[in-house]
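Enquirer: sequence first, then the predicted structure:
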Amino acid sequence: MKYDILIIGSGPGGYVAAIRAAQLGKRVALVERAEVGGVCLNRGCIPTKALIKSAQVYLHCKEAARYGIAVEGEVRPDLAAIAARSRTVAETMSKGVQFLLKKHAIDLISGFGRLRGPHTVEVDGTLYEANHIILATGARPREMPFMPIDGRHILSSKEVLLLERLPASMIVVGTGAIGSELAWFYAALGVKVTLVEYMPRMMPLEDEEVSKTMERAFRKLRATVLTGTTVKAVRVVEEHCEVEVEGKKGSEVLTAELVLSAVGIAANIEGIGLEEAGVRTERGKVVVDEYYRTSCKGIYAIGDIIPTPALAHVASAEAICCVEAICGLNPAPIDYTTIPSCIFTSPEVASVGLTEEQAAARGIACKVGRFPFTASGKATAAGERDGFVKLLFDEEERLIGAHLVGGSVTELLAEPTIAKAMGATAHRIARTIHAHPSMNEAVMEAAEAALGMAIHV
């Protein structure tokens, strides 16, 4: 049987590509060696958000008196039950994806897919032909030689999701989205957490003001944050871990029951036949053009295996663009300057576009508007006053960046993302009436501040 489009990998890039291709009338097959939905749905984005919600509920219960609610008896977390709920959430979403694949008559082929040419894929000994092949094989946690993951004491994000007992202490190496979210989850449940970051500040890709706010938030949880600190070696000694670091205080050895390695990801490009098919790679990523065509005609690549932001929503957008290009719809290439990014700690972090530092490096003179949630009636009523909205505008007063930290700001990010994509000005945002009281009034207020029209600050 020959398919119009065959996709290897069923994550948020692969399954979206398959469904869009089917919607456009193509005969489609999807190859998956593990769980449908990929890492994001099964061992990443979705289960971690379930864990974080449980931790938030726990903190709300502990702090119920602040809201005039009396809670009798001990409130304590049950990690086994929390993990079980997380798995149930992931399984529910996976079943939903399987339903959609069946609904669109997409053939799901179980096994490891490997290229055998520009139009041939081998799956566990069986050959499948296709006019077009899309590689969406995703990524895995990166393993560093000085911090070998053993699955018992030194963990990756995969193993740390499956713990059924709270450790007494944990060292988290890396403060990107994965490290920060999991560090917050365990710190919120009472684990003694130490975060170690090589860069001068935590969450180093975020705006500097956001980073400083989040360092304070972690310290409120009694977590230790070590920035500008290099991990030299990690050793397991008598059922605990010793982490040799060098930082502002010189060399020292940290100890903890567990270590979480959250130092990034590595693309899954080994063993899938790229060399034999003549697919070009650079620095561990597949090289593609603006429509995700590789150096081999008929083979495409999307998601974490290409040098674009390794985010689920980016993979999905690339999937749609790639398939529509294959089908002759001439889609507009993706604008990578308008990619939203979220970190689901508490407070949350959300951003799109340039930071002040990036704008200055490009010689862009910015107008900056800020609005603190301490001045928000809705945030005050909700007891979530930490954080702010910060908007950056260029000389023509068009939005070029937005940086938010606070309660539920990942839900507020859509407005500045759309505004940036549409070239909205500060005046337009400031004069768009926002509902009161609401958290997203802060976007309007920040735009007013940039124009020198602030009412509430």
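Expert: Right, received. Where do you want to start?
Enquirer: measure stretch 104-117 end to end?
Expert: Start to finish, the residues bounding stretch 104-117 are 27 Å apart (C-alpha to C-alpha, to the nearest Å).
Enquirer: quick one: residues in contact with it.
Expert: 3, 8-10, 18-19, 22-23, 28-33, 36, 98, 101, 121-124, 126-128, 133, 137, 271-274, 276-277, 279, 299 (C-beta atoms under 8 Å, 6 or more residues apart in numbering). All C-beta atoms are positioned from the backbone trio N, CA, C, and that covers glycine.
Enquirer: let's see it at 7 Å
Expert: 8, 18-19, 22-23, 28-33, 101, 121-124, 127-128, 133, 271-274, 276-277, 299 (C-beta atoms under 7 Å, 6 or more residues apart in numbering).
Enquirer: the nearest residue to residue 82 once chain neighbours are set aside sits in which helix or strand?
Expert: In this structure, residue 82 finds its nearest non-sequential neighbour in residue 54, 4.4 Å apart by C-beta to C-beta, 6 or more residues apart in numbering. Assigned by DSSP states H and E, residue 54 belongs to helix 45-62.
Enquirer: which parts of that helix are buried?
Expert: Within helix 45-62, the residues scored as buried using 16 or more other C-beta atoms under 10 Å are 45-56, 58-59.
Enquirer: residue 64: neighbour count?
Expert: 13 (other C-beta atoms under 10 Å).
Enquirer: pull up the per-residue confidence for it.
Expert: You'll see residue 64 listed with a pLDDT of 95.
Enquirer: how close does the closest residue to it other than its chain neighbours get to residue 58?
Expert: Leaving aside its sequence neighbours, residue 64 sits nearest to residue 71 (C-beta to C-beta, 6+ apart; 4.6 Å). As for residue 71, its distance to residue 58 is 11 Å (criterion: C-beta to C-beta, to the nearest Å).
Enquirer: and for residue 203?
Expert: Separation of residue 203 from residue 58 (C-beta to C-beta) stands at 23 Å.
Enquirer: now swap in residue 128 and tell me
Expert: Taking C-beta to C-beta, one finds residue 128 at 48 Å from residue 58.
Enquirer: look at the nearest residue to residue 302 once chain neighbours are set aside and give its secondary structure.
Expert: Distance criterion C-beta to C-beta, 6+ apart; nearest residue to residue 302, sequence neighbours excluded, is residue 318 at 4.1 Å. Following DSSP: H, G, I helix; E, B strand; the rest coil, residue 318 is assigned to helix.
Enquirer: ok, residue 318 touching residue 12?
Expert: No - if you go by C-beta atoms under 7 Å, residue 318 and residue 12 don't touch, sitting 9.8 Å apart.
Enquirer: which one's more surrounded, those two?
Expert: Each of residue 318 and residue 12 has its neighbours counted (other C-beta under 10 Å); residue 12 has more, 30 against 26.
Enquirer: now that one: phi and psi?
Expert: phi -70, psi -10 (degrees, to the nearest 10).
Enquirer: how about the contacts made by it?
Expert: Residue 12 touches 38, 40, 312, 315-316, counting by C-beta under 7 Å, 6+ apart.
Enquirer: distance to residue 115, secondary structure and pLDDT added to the residues you listed, as CSV?
Expert: Shown next, in CSV, are the contacts of residue 12 (distance: C-beta to C-beta, whole Å; DSSP: H, G, I helix; E, B strand; the rest coil; pLDDT from 0 to 100):
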residue, distance to residue 115, secondary structure, pLDDT
38, 19, helix, 92
40, 23, helix, 90
312, 24, helix, 97
315, 19, helix, 98
316, 23, helix, 98
